[in-house]
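1. Turn this into a model:
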Amino acid sequence: MRILVFSCQVGSRTASMNVATRNAVEIAHLLGADRMVWHTDRVTTPSSGYDAIIVPYFNQYTNFPLLRTFLTDTQARVVLRTEYEQVNIGSFFEPWIDIANFDREGQPNVNLNLLMSRPPNKAIRKTHGVVYYGRMREDRVSALAKYCSHLDFISTSAKNIKKWKAAGISAKFTDSLSWEHGREALNAFRYSLYAEDTYTNAVFNNLANRWYEAGVCNAVVLFDRACLNTILKSELAPHMDEVMRYVVDDGLSMRAKIAEMDNDWPLHLAIQKAWRVNEPALKAAMIEQVRDLIAAEVAKRKEPILVA
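-> Model prediction:
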């Protein structure tokens with residue numbers, strides 16, 4: 001099965017790669033697929049075209065003219081959905097299937113966020129305390145309002161800093177974290193705040209990327225209490241007695257918890273690392289689930305196709 005993962009946008013590669021780009025790189029590697037992520041990537045298209053094309057994300061910056069050059073009438077087309085928000089997919093890409101990271105009636109829930117899981121980086125000296133990072137989302141303002149003045153930093157793009165401020169969030173802002181492989185800026189932080197949308201707190205959406213990114217960067221995670229529904233349905237459920245030690249309600253309780261953990265921070269990092277021992281197996285199972293879903297769609301679109 002010949003697969004192309006396409007996430008090429010207008011522009012060039014930067015160290016601060018967005019999560020869709022990182023997902024594209026990782027899933028292409030794990031599926032043994034060709035990759036068209038940056039304009040420097042080169043692929044040799046099979047004579048009969050690709051059996052399947054995977055697009056991790058669509059937005060206004062997607063290189064649509066280049067994508068069209070890889071389309072054929074008989075291939076499977078797949079969109080990875082790691083967010084419940086609707087994305088604007090042009091009719092030219094029809095018919096496609098979603099492989100989604102959240103609960104939907106009659107559809108499989110695939111934990112695509114495991115793509116961000118990998119063995120931790122080599123430990124470095126921590127120079128900062130607690131950070132929250134991510135783009136501005138209307139549905140997350142109420143959660144951030146409880147913590148913003150007590151965070152060391154909120155990391156986001158310049159465009160999103162303006163949006164957070166306009167929504168009434170007052171904090172010490174910094175630019176988007178760098179996600180250069182092995183040199184991620186999150187490595188410098190001891191703690192990462194886990195807070196999510198009010199919608200996500202009610203409708204299961206798997207653990208967010210920030211949980212897996214914290215594991216890679218040796219950061220201890222503090223969970224907003226509103227996220228307990230997500231945690232209870234996730235792979236952390238067997239560890240709930242311990243997880244509750246890291247649940248906070250607002251900025252003051254977060255600061256009190258940090259003051260307590262600072263007395264033996266390595267212990268708390270070790271506790272959370274122990275919750276992650278099954279991540280490699282979960283990630284491998286997720287990739288096989290994705291492979292099976294793609295193979296089933298390929299079989300519908302063009303028969304016979306030999307699945308590797």
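2. what ranges do the helices span in the stretch 151-300 of the chain?
-> Counting by DSSP state H, counting those that start in this stretch, the stretch 151-300 of the chain has helices at residues 158-166, 198-202, 209-216, 228-232, 240-243, 251-261, 265-274, 279-301.
3. ranking the ones you listed by mean pLDDT, which is last?
-> With a mean of 84, helix 198-202 has the lowest mean pLDDT of these.
4. which residues touch that one?
-> Tyr84, Phe102, Asp139, Arg140, Ser142, Ala143, Ala208, Ala226, Cys227, Asn229, Thr230 (Cβ atoms under 8 Å, 6 or more residues apart in numbering). Using the backbone N, CA and C atoms, a C-beta is placed for each residue, glycine as well.
5. send the alpha carbons of that helix over as CSV?
-> What follows is helix 198-202, C-alpha atoms only, in CSV (Å, rounded to 0.1, in the frame of the first residue of the first chain):
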residue,chain,number,x,y,z
THR,A,198,-15.3,23.3,28.3
TYR,A,199,-16.5,21.2,25.3
THR,A,200,-13.6,18.8,25.6
ASN,A,201,-14.1,18.5,29.3
ALA,A,202,-17.5,17.0,28.6
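6. mind listing what's buried in the helix or strand of the chain with the lowest mean pLDDT?
-> One helix or strand of the chain scores below all others by mean pLDDT, DSSP states H and E: helix 198-202, with a mean of 84. By neighbour count with 16 or more other Cβ atoms under 10 Å, helix 198-202 contains the buried residues Thr200, Asn201.
7. what's the offset of it from the middle of its chain?
-> Relative to its chain's centre, helix 198-202 lies at 17 Å (Cα atoms, centre = their mean, to the nearest Å).
8. Ok, stretch 22-42 next?
-> Distance, centroid of stretch 22-42 to centroid of chain: 16 Å (Cα atoms, centre = their mean).
9. Convert the C-alpha atoms of that stretch to CSV, please.
-> Extracted in CSV, the C-alpha atoms of stretch 22-42 (Å, rounded to 0.1, in the frame of the first residue of the first chain):
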residue,chain,number,x,y,z
ARG,A,22,5.0,17.2,13.6
ASN,A,23,2.1,14.7,13.3
ALA,A,24,2.8,14.5,9.5
VAL,A,25,6.5,13.7,10.0
GLU,A,26,5.8,11.1,12.6
ILE,A,27,2.9,9.3,11.0
ALA,A,28,4.8,9.1,7.7
HIS,A,29,7.7,7.5,9.4
LEU,A,30,5.6,5.0,11.3
LEU,A,31,3.5,4.0,8.3
GLY,A,32,6.5,3.8,6.0
ALA,A,33,4.8,6.4,3.8
ASP,A,34,6.2,9.0,1.4
ARG,A,35,6.2,12.5,2.9
MET,A,36,5.5,15.9,1.4
VAL,A,37,5.7,18.3,4.3
TRP,A,38,8.3,20.9,3.3
HIS,A,39,9.0,22.2,-0.2
THR,A,40,12.4,20.6,0.0
ASP,A,41,10.8,17.1,0.2
ARG,A,42,10.9,15.0,-2.9
